[in-house]
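**Student:** here is my input; please provide its structure:
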Amino acid sequence: MNVTLRQSRCEPGAELTGAVEWSLPVAPRAVEVRLFWFTRGEGTPDVSVVETLKFDAPRPQDRREFRFRLPAAPYSFAGKLIEIVWAVELVALPTKETARAEF
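**Tutor:** Alright, predicted model coming up:
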């Protein structure tokens with residue numbers, strides 16, 4: 001499973017595009033691509049899924065394009081104790097196999 005992003009730099013309001021691909025032994029029930037942010041570092045981890053695209057009736061081996069409009073906030077941040085990281089994640093259901101690309 002793989003997530004490929006087309007942009008190397010992302011800004012609020014910009015369009016994020018890319019592609020996901022997978023090769024599984026059997027066809028998954030569904031495949032989701034999620035735009036989300038999460039915290040990394042000290043304290044209680046936080047995560048928020050901003051948008052989810054669901055691909056119904058996927059084949060065992062497939063490749064699909066995706067497009068997300070990036071929200072205004074929160075901004076990515078890297079401090080001494082915590083950082084906010086944005087990512088796109090590919091999830092095959094019901095096995096929950098995943099692949100992720102952070103940006």
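
**Student:** each with direction, which strands does the helix or strand of the chain with the lowest mean pLDDT pair with?
**Tutor:** Least confident element among the helices and strands of the chain, by mean pLDDT, DSSP states H and E: strand 77-78 (a mean of 91). According to DSSP bridges, strand 77-78 forms sheet pairs with strand 82-93 (antiparallel).

**Student:** for the protein, give me the ranges with low pLDDT.
**Tutor:** Filtered on pLDDT under 70, the chain yields the residue ranges 8.

**Student:** can you give me the strands in it?
**Tutor:** 2-5, 15-23, 30-41, 47-56, 61-69, 77-78, 82-93, 97-102 (DSSP state E).

**Student:** which residues touch Phe38?
**Tutor:** 45-48, 84-85, 87 (Cβ atoms under 8 Å, 6 or more residues apart in numbering). Every residue, glycine included, has its C-beta placed from N, CA and C.

**Student:** Val50 contacts Leu16, doesn't it?
**Tutor:** No: contact criterion Cβ atoms under 8 Å: Val50 and Leu16 do not qualify, at 10.5 Å.

**Student:** quick check: the residue of the chain positioned farthest from its centre vs Pro74, distance?
**Tutor:** Relative to the centre of the chain, the most outlying C-alpha is that of Lys80, 25.0 Å out, by Cα atoms, centre = their mean. Distance, Lys80 to Pro74, by Cβ to Cβ, to the nearest Å: 18 Å.

**Student:** for stretch 22-40, the distance to its chain's centre please.
**Tutor:** Taking Cα atoms, centre = their mean, to the nearest Å, one finds stretch 22-40 lying 8 Å from the centre of the chain it belongs to.

**Student:** let me redo that: stretch 50-59
**Tutor:** Put simply, stretch 50-59 sits 11 Å off its chain's centre (Cα atoms, centre = their mean).

**Student:** please consider this matter closed, and thank you.
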